[in-house]
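[1] Make a model of this:
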Amino acid sequence: MDSNKLNKILVKLDKFKNLLNDICDSNHKLKDLWIEIYENSLNDRENAQKLFDSILSEIDLNPTNHAIYGAQASKYLERLCKTNEQLLKLSEVISNEIEVQTEINSNDLFNRIEEDT
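    The predicted structure is shown next:
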């Protein structure tokens, strides 16, 4: 992977870490797991894109190569779709965690009101 693409991944990863810190109070281990999932998705996506691009260039050079490389190109596209699904699922899990953190427990609310009076 060239340094430009690596830098882009590192910037995205850093932005994701900052986002998690801003929106979520989850324990550190859970955040680390989410960051690892995100990083793996970015790497998988970059690798699949690189492989797909190389096969696509072979197909572009000679259309008969489509018969040779078409099935493999399809697998790389599936991998790209799976990384999208992974990222969507990750966002859903994080969203659910945020909802759990922001739920107001009626007993806690009552106790706080009692303390204030």
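[2] CA only for contacts and neighbour counts going forward, please
    Noted.
[3] Read off the pLDDT value for E46.
    In this model, E46 is scored at 91, pLDDT.
[4] just N27 next, same as before
    Reading off the model, N27 has pLDDT 75.
[5] can you check E114 too?
    Note on E114: pLDDT of 72.
[6] Could you say which helix or strand holds it?
    helix 106-116 (DSSP states H and E).
[7] just V100 next, same as before
    According to DSSP H and E, V100 maps onto helix 65-102.
[8] Can you list the buried residues in that helix?
    66, 73, 76-77, 79-80, 83, 86-87, 90, 94 (16 or more other C-alpha atoms under 10 Å).
[9] try stretch 47-61
    For stretch 47-61, using 16+ other C-alpha under 10 Å, the buried residues are 47-49, 52, 55-56, 58-59.
[10] roughly how far is it from the heart of the chain?
    23 Å (C-alpha atoms, centre = their mean, to the nearest Å).
[11] Contacts for it next, please.
    65-66, 69, 73, 76-77, 79-80 (C-alpha atoms under 8 Å, 6 or more residues apart in numbering).
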